[in-house]
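got a sequence here, can you model it:
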Amino acid sequence: MYNPSSFAIEDLSELQQQILGTRLAMLVTHGEQGLQASHIPLLLEPADGANGTLYGHLAKANPQWKDLQNGDEALVIFAGADAYVSPAFYPSKAEHGKVVPTWNYVAVHAYGSAEVFTDAERLHTLVSALTDRHEANRAEPWKVTDAPADYIDGMLRAIVGFALPIERLQGKRKLSQNRAAADVAGVREGLAASPDAQDQILAQLMR
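As a prediction, this is how the structure comes out:
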């Protein structure tokens, strides 16, 4: 990821918050079948003073897990809010007209080599934790144990789990930091006035 220093996220806690706040990540690998990508929910297990470990699973029918098994480096992308920035937002447009469109966004890239596993107990723990996380805000959360045990056993046999210790993290927060203060304010106000929820989130991040 091209990441000028003015946009780089260096704080580990901020990087981890972006990971935790991303509901669906993109796992990218390269192997015998070339580049492959899957969109999957992941869990982050933080570690004091370290990047932490990501946990997830793939369908056994998805050949991408074999790339992980081979020990090759994988990339996991956690995309945050994004918004188109119109030149019309910049007060400097009226002054000299030397402005072009751009895009503001937040993203974190995590890199590491994974360990795959098919142990039923470990998989059960993983899918239970994923389920509990995403059911937490429901009035009556569904639990893995709500389904028949033999049915869950069969579902577990159809997936492959993985643990990916994060070897390096790269974060980018592109929020018009390279513009003059008046232009930054113009972008913030323009996005805040938009009916689009993503635009409004970006405006909040720029405050």
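
list the buried residues of the lowest-mean-pLDDT helix or strand in the chain.
Of all the helices and strands that make up the chain, the one with the lowest confidence by mean pLDDT, DSSP states H and E is helix 92-96; it has a mean of 79. Neighbour-count burial for helix 92-96, counted by 16 or more other C-beta atoms under 10 Å, picks out S92. To be clear about C-beta, it is placed using only N, CA and C from the backbone, and glycine gets the same treatment.

so what strands line up beside the following helix or strand past it?
Tracing the chain C-terminally past helix 92-96 and defining elements by DSSP states H and E, one meets strand 102-112 next. Applying DSSP bridges, strand 102-112 is found paired with strand 74-85 (antiparallel), strand 168-174 (antiparallel).

all the strands of the chain, residue numbers only.
In the chain, the segments counted as strands under DSSP state E are 8-9, 25-31, 34-40, 43-47, 50-59, 74-85, 102-112, 115-117, 159-165, 168-174.

would you mark the buried spots in stretch 29-49?
Of the residues in stretch 29-49, those buried under the neighbour-count criterion (16+ other C-beta under 10 Å) are 29, 31, 36, 40, 42-44.

just the pLDDT for G97.
Looking at G97, its pLDDT reads 76.

can you tell me which helix in the protein is longest?
With DSSP state H setting the assignment, residue counts place helix 120-135 as the longest helix in the chain.

pipe the strands of the chain into JSON lines and attach mean pLDDT per row.
Output for the strands of the chain, formatted as JSON lines (pLDDT from 0 to 100):
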{"stretch": "strand 8-9", "mean pLDDT": "96"}
{"stretch": "strand 25-31", "mean pLDDT": "96"}
{"stretch": "strand 34-40", "mean pLDDT": "97"}
{"stretch": "strand 43-47", "mean pLDDT": "93"}
{"stretch": "strand 50-59", "mean pLDDT": "96"}
{"stretch": "strand 74-85", "mean pLDDT": "97"}
{"stretch": "strand 102-112", "mean pLDDT": "97"}
{"stretch": "strand 115-117", "mean pLDDT": "98"}
{"stretch": "strand 159-165", "mean pLDDT": "98"}
{"stretch": "strand 168-174", "mean pLDDT": "97"}
